[in-house]
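> sharing a model prediction with you, sequence too.
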Amino acid sequence: MRVLTKDDVIAAVKGGSVFASGGGGWVDHGLEIGEAAVTIGQPKLVSVDELPDDAIIVTCTAIGAPAGDQWQMLGSDYIKAVKLLMDHYDGKVVGVMTPQNGMSSTINGWLPAAALDLVVVDATGDIRAHPTGKMGSLGLSGRLDFETIQVVVGGRRDTGSYLELVVKGTPAKTSTILRTAADMSGGFIAAARHPLPAGYIKKHAAIGGVSMAIELGKAILVAEPKGAEAVMEAICEKTRGEIIGRGVVAHSTVAYSGAFDIGKVYVDAPGGRFTLHVMNEYMAVDDPGGNRVATYPDVITTLSAETGQPVSVGHLKEGMEVAIFHIHKRHIPISSGVLDASVYPEVEQALGINIADYALAK
């Protein structure tokens with residue numbers, strides 16, 4: 001157990017931005033929420049092994065599409081979502097965790113932890129960012145015998161789109177309801193869900209996911225004074241990843257639809273055009289020959305050729321020079337959510353490509 005600091009906030013956002021895979025929130029939002037957490041309290045990061053198996057852990061997240069521009073999430077919304085879940089749960093909540101790393105999502109639970117005297121558990125529902133809540137649900141998505149509680153809070157007050165919603169039911173049905181609520185609130189909303197015992201988290205989460213983001217961020221910070229190439233080399237070395245292509249952003253068809261950003265990004269490289277398939281995050285990459293060279297749950301990120309830093313889907317501009325970064329799934333911890341076959345049909349239908357065959361293959 002250790003107290004998280006402002007330096008940890010900066011490192012977590014830096015490293016989380018790589019695992020964000022083009023989505024996972026926003027850098028500014030992550031820094032704001034993280035700094036608020038370490039200002040109002042002393043959030044503590046703990047290994048799940050430090051907790052008894054019956055200690056209850058809640059997942060804190062934000063639901064929606066990063067490119068949406070009508071949303072409003074305040075720090076108090078994250079806190080209230082957890083508080084409402086605790087009010088509707090017949091048991092004592094001890095800690096919080098995030099369903100994914102990301103530009104802001106690595107920080108997700110830090111503020112509620114600081115405000116409500118909970119611990120931040122060093123585990124993630126997925127080491128990288130993903131588009132649906134089902135993917136970060138630790139293998140619960142397809143289960144009909146598990147009743148969960150999910151809560152969302154947020155929305156713009158000035159337009160009357162602010163919502164508070166508490167739902168109970170199967171993970172699949174309640175996740176769909178929350179996605180609709182996110183769309184109605186303006187595109188993004190704070191959430192708390194799935195009170196689960198630490199014994200379950202130990203078996204089904206990507207253990208150490210938060211520490212991985214922080215350590216990667218520290219390596220990036222050391223490399224930054226040396227320039228873009230040094231940053232990219234540091235990212236590759238720390239993660240056992242590689243650059244699979246370099247080129248210029250030619251075109252993007254990504255558009256907001258039903259609380260998702262969906263489409264393709266095309267990058268023109270010396271050997272031809274790469275195609276990056278997007279559903280909030282990069283879910284697959286085809287090389288100039290049309291061959292699949294990366295697929296979820298691989299980490300797929302665009303890095304700026306100018307700075308070496310990750311660039312989200314929403315911040316790509318035509319003419320921007322980027323490197324396509326890739327970590328093969330064998331080099332990252334895989335959670336039960338990734339191995340849950342029920343999470344893929346929705347994403348495959350939206351993108352028109354196959355993902356499950358790769359993701360579920362041993």
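Thanks, I have the structure now.
> pull up the distance across stretch 134-152, start to finish.
Using C-alpha to C-alpha, to the nearest Å, one end of stretch 134-152 lies 15 Å from the other.
> repeat that for stretch 339-347.
Terminal-residue distance, stretch 339-347 (C-alpha to C-alpha): 14 Å.
> quick one: that stretch to chain centroid distance?
17 Å (C-alpha atoms, centre = their mean, to the nearest Å).
> ditto for stretch 72-84
That offset, for stretch 72-84, works out to 18 Å (C-alpha atoms, centre = their mean).
> and what of stretch 11-20?
Distance, centroid of stretch 11-20 to centroid of chain: 10 Å (C-alpha atoms, centre = their mean).
> same deal with stretch 244-252?
That offset, for stretch 244-252, works out to 23 Å (C-alpha atoms, centre = their mean).
> need the residues that contact that stretch.
By C-beta atoms under 8 Å, 6 or more residues apart in numbering, the surrounding residues in contact with stretch 244-252 are 263-270, 273-274, 285, 287, 293-294, 305, 313, 316-326. Heads up, the C-betas are built off the backbone N, CA and C, glycines and all.
> going through those, which ones are buried?
263-267, 269, 273-274, 285, 287, 293-294, 305, 313, 316, 320, 322-326 (16 or more other C-beta atoms under 10 Å).
> where in the stretch 1-150 of the chain is pLDDT low?
Residue ranges of the stretch 1-150 of the chain with pLDDT under 70: 65-69.
> could you pull out the strands in it for me?
Along the stretch 1-150 of the chain, the segments classed as strands by DSSP state E, counting those that start in this stretch run 2-3, 44-46, 56-64, 93-98, 119-124, 148-154.
> as JSON lines, those with mean neighbour count and distance to P195 would be great.
Output for those, formatted as JSON lines (neighbours: other C-beta atoms under 10 Å; distance: least, C-beta to C-beta, whole Å):
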{"stretch": "strand 2-3", "mean neighbour count": "10", "distance to P195": "24"}
{"stretch": "strand 44-46", "mean neighbour count": "19", "distance to P195": "17"}
{"stretch": "strand 56-64", "mean neighbour count": "26", "distance to P195": "5"}
{"stretch": "strand 93-98", "mean neighbour count": "25", "distance to P195": "6"}
{"stretch": "strand 119-124", "mean neighbour count": "27", "distance to P195": "13"}
{"stretch": "strand 148-154", "mean neighbour count": "26", "distance to P195": "6"}
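> need those in a markdown table with distance to A205, can you?
Formatted as a markdown table, those follow (distance: least, C-beta to C-beta, whole Å):
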| stretch | distance to A205 |
| --- | --- |
| strand 2-3 | 19 |
| strand 44-46 | 13 |
| strand 56-64 | 9 |
| strand 93-98 | 7 |
| strand 119-124 | 4 |
| strand 148-154 | 16 |
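> closest to S257 out of the ones you listed?
Among the strands of the stretch 1-150 of the chain, the nearest to S257 by C-beta to C-beta is strand 56-64 (11.9 Å).
> hmm, I327 is touching I243, no?
No - with contact defined as C-beta atoms under 8 Å, I327 and I243 do not form a contacting pair (11.1 Å).
> among those two, which residue is more densely surrounded?
Neighbour count, other C-beta atoms under 10 Å: between I327 and I243, I327 has more, with 24 against 14.
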